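Enquirer: Structure for the following, please:
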Amino acid sequence: MPADIIKPRTFRGLIRKAGQYGGNGWEWSGLFPLYCGAVLVVGYMWLGACWLYWRTVDDLQRRSGRQARALVIVTMMLLAVLVIWTARLDAQYAQRLSNRLIWLPAAILLTAVLVSFALGFRSRRHYLPLFAALGIFILAFALMVAALFPLIVPPNLTLQKAASSPTSQIFMLVGFAVLIPVTLIYNTYGFRVFSGKVRVVHD
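Expert: Below you'll find the model as predicted:
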């Protein structure tokens, strides 16, 4: 959660002096970062409700479905405000987000994902609402990247400038080559252990 509040602060830029961070450490406490944190909290609640709808049955599944349908409305409203707010932070963000090559595909994908979310409650594919919710999160992060690219820390620190030396990058790639397969194997095993519906056992 703290990281979810701190990361949006980079949209407004960080104070730098002689190439070093020159802030006071309280930049995260602004309205925009706190709002982003609140949006993510509601989004996580929505994801949790969708997960329970997929993994449960009977009364708990129906209650989770009602919660998921209510939370999607709240999440979409909060995300809409977030996009508008982001566009007003900087002229570059507004230009990027208003570009037809960005907003038109995003709008089409969002519509398709929301339709899949709604249809998921009318079919036996109970996983559809969760996957649709994840798709909306991915789309939101993609819009964030589209607004920032090629910057990584506004107003002038690009990915190229922030990149470490080739030696350091190779060292990190070797580490990722080991950690990513281990993580995937572990998560796949955990997913299989907890696969299937959770059912109430009656005496």
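Enquirer: how far is the longest helix along the chain from where the chain is centred?
Expert: Secondary structure of the chain read by DSSP state H shows that its longest helix is helix 58-89. Between the mean C-alpha location of helix 58-89 and the chain-wide mean there is a distance of 13 Å, by Cα atoms, centre = their mean, to the nearest Å.
Enquirer: now swap in stretch 131-149 and tell me
Expert: Averaging C-alpha coordinates over stretch 131-149 and over its chain gives two centres that are 6 Å apart (Cα atoms, centre = their mean).
Enquirer: Other residues contacting that stretch?
Expert: For stretch 131-149, the surrounding residues in contact (Cβ atoms under 8 Å, 6 or more residues apart in numbering) are 11, 43, 46-47, 50, 68, 72, 75, 79, 83, 86-87, 92-93, 96-97, 102, 106, 109-110, 113-114, 116-117, 120, 154, 159. Every residue, glycine included, has its C-beta placed from N, CA and C.
Enquirer: Same question for stretch 71-83.
Expert: Where contact means Cβ under 8 Å, 6+ apart, the residues beyond stretch 71-83 that reach it are 35-36, 38-39, 42-43, 45-46, 49, 97, 114, 117, 133, 136, 140, 143.
Enquirer: could you check the distance from Val39 over to Val182?
Expert: The gap separating Val39 from Val182 is 32 Å, by Cβ to Cβ, to the nearest Å.
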